[in-house]
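Visitor: the sequence and its predicted three-dimensional model are supplied below.
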Amino acid sequence: MGSPFHFQLEVVSGRARAGRFSTPHGVLETPLFAPVGTQATVKAITPAQLEEMGASLVLANTYHLYLRPGDKLVADMGGLHEFMQWPKSILTDSGGFQVFSLAARRQVDDDGVTFRNHLDGSTHRFTPESVMAIQENLGADIIMALDECAEPHDRAYNEAAVARTHAWARRCLDAKRRTDQALFGIVQGGIFPDLRQQSAEFIASLDFEGSAIGGLSVGESKADMHRVLETVDTILPEDKPRYLMGVGTPEDLVEAVRRGVDLFDCVLPTRMGRNNAAFTRSGGRLNLKNAEFARDPKPIDEGCGCYACRTFSRAYLRHLIQAKEMLAATLLSIHNLHTLIQLAKDLRTAILEDNFESFVGGLNMKQTAASGEEMARIE
RNA sequence: GUGGGUGUAGCUCAAUUGGCAGAGCACCGCACUGUGGAUGCGGUGGUUGCGGGUUCAAGUCCCGUCACCCACC
């Protein structure tokens, strides 16, 4: 018997794809946006609220949960689904990114990475094998290979990181024991088309259940990000989901779906929610802390169907922010998550109707720099 | 009533022998992309209680006055 994970590609509109990916905890309908719940919680949001906004997948993080409370404890408590009381699908990031973004004094070698953690400075080591064992203890539906995320413009660093990421990808596949978890490989290569091509070809050649694109939205330009997506789009397997890690904004979702991406996660909606900012459907942002909203009776984003927009005024949100009430973070996070989840659902509907470009045109999104030129080139 | 003390940005306070009146917080705005309830950046804001005087120059020295605080009659 093959993998229990089957990706069904339903419709392709231009290069945009709609599909269905089955996991032991439900069907993921793509394009799909996944809220990030690093420490086994989407910050300021309950599982019931996640279900109400239509989330079907949340991320948790290997690095954080390994350090606290410990993957063995999570396993003893019945696994991540039971522990955090989230009944739908979960994806755990491998911890590779966090080692490079959070941990101090890391030393990478071909076998793995040794680092001092950000909580108490104690020394730890991740290898492909140890990260697979941790993720099997945590018990998510989708788990990620250990990768090395390099500074995107550093050619030599990316060459080394790609080589290690590939070697580690193969070892993660070899170390995987559970059959009820899907393992995704990760493409690296910075902004360099030939490295990205090489990496996509290698990851595509292995027996992963999905393909992830790492090392983007880490400081490179939008044009570079789009170019990388176009490069890997033609190489990654059509019959496996493509996951763009750590992206993004409403504009980013549209531009990436247009270039063949199926799955997204990003901290931005919840982080912005904690920092007083709201996405709008058309791609702009509102800073609800601003004085101009002090007497504004309108909802955050007119036409949004989220709980916050159905219920409260901008003036009330602004008051909560000024008073430093924690409900502000909850309501803005609900709105921001709903906006991205609903945008992904709407993009899916448009693709299923083979209507993607016309739908996107109707969104009237704010153009990001260089996107006009890019559009001309991609047609 | 007498003696002493304090008055500087919305708040709490700095400012050397007289030498361009500042900081923190607050306020106003910007940033945030496989999490950082963090942080960073930028900005508005002054008749130095009031009125005189000395001086090239006064928050600072002198005189008067007002307010508040403390102690003592």
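Guide: Alright, I've got the coordinates.
Visitor: tell me the centre residue of chain A?
Guide: Centroid-nearest residue in chain A, with CA atoms, centre = their mean: A:D265, separated by 1.8 Å.
Visitor: so that one touches A:D252, yeah?
Guide: No. Under the criterion of CB atoms under 8 Å, A:D265 makes no contact with A:D252, lying 11.7 Å away. (Each C-beta comes from the backbone N, C-alpha and C, glycine too.)
Visitor: now the strands for the stretch 151-300 of chain A?
Guide: Ranges of strands in the stretch 151-300 of chain A, per DSSP state E, counting those that start in this stretch, are A:182-187, A:210-213, A:242-244, A:263-266, A:277-279, A:285-287.
Visitor: what's the offset of the fourth one from the middle of its chain?
Guide: Taking the mean C-alpha point of strand A:263-266 and that of its whole chain, the gap between them comes to 3 Å (CA atoms, centre = their mean, to the nearest Å).
Visitor: by contact count, what packs against it?
Guide: strand A:32-35, strand A:242-244, helix A:250-257, helix A:327-352 (3 or more CB pairs under 8 Å, 6 or more residues apart in numbering; DSSP states H and E).
Visitor: quick one: neighbours of A:R20, just the number.
Guide: Residues within reach of A:R20, counting by other CB atoms under 10 Å, total 16.
Visitor: how about A:M326?
Guide: That count, for A:M326 with other CB under 10 Å as the rule, works out to 10.
Visitor: am I right that it is in contact with A:A44?
Guide: Yes. The pair A:M326 and A:A44 qualifies as a contact (CB under 8 Å) at a distance of 7.0 Å.
Visitor: between helix A:327-352 and the host helix or strand of A:A60, find me the angle.
Guide: Using DSSP states H and E, A:A60 falls within strand A:57-61. For strand A:57-61 against helix A:327-352, the angle by axes from the mean of the first three to the mean of the last three CA atoms, to 10 degrees is 120 degrees.
Visitor: list the buried ones in strand A:57-61?
Guide: Buried residues in strand A:57-61, counted by 16 or more other CB atoms under 10 Å: A:L57, A:V58, A:L59, A:A60, A:N61.
Visitor: which one of the residues you listed sits closest to RNA strand B?
Guide: Within those, the smallest distance to RNA strand B is 4.0 Å, found for A:N61 (CB to the nearest atom of the strand).
Visitor: right, and the closest one touches A:D93 too?
Guide: Yes. If you go by CB under 8 Å, A:N61 and A:D93 touch, sitting 5.1 Å apart.
Visitor: residues contacting A:C266?
Guide: With contact taken as CB atoms under 8 Å, 6 or more residues apart in numbering, A:C266 is in contact with A:F33, A:V36, A:S217, A:G246, A:V247, A:G248, A:T249, A:L340.
Visitor: next one, pLDDT for it please.
Guide: Note for A:C266: predicted pLDDT of 97.
Visitor: circling back: what bridges to the residue nearest to the centre of chain A?
Guide: Going by DSSP bridges, A:D265 is paired in beta bridges with A:A34, A:V247.
Visitor: quick one: residues contacting it.
Guide: Contact analysis of A:D265 by CB under 8 Å, 6+ apart lists A:F33, A:A34, A:P35, A:V36, A:L59, A:L91, A:Y243, A:M245, A:G246, A:V247.
Visitor: check those residues one by one and keep those near RNA strand B.
Guide: Counting by CB under 7 Å from any atom of the strand, A:V36, A:L59, A:M245, A:G246, A:V247 from those sit close to RNA strand B.
Visitor: can you tell me which of these has the most neighbours?
Guide: Busiest of the ones next to RNA strand B among the contacts of A:D265 [other CB under 10 Å] is A:M245, holding 26 neighbours.
Visitor: wait, doesn't it sit right on A:V218?
Guide: No. Using CB under 8 Å, A:M245 is not in contact with A:V218, being 9.9 Å away.
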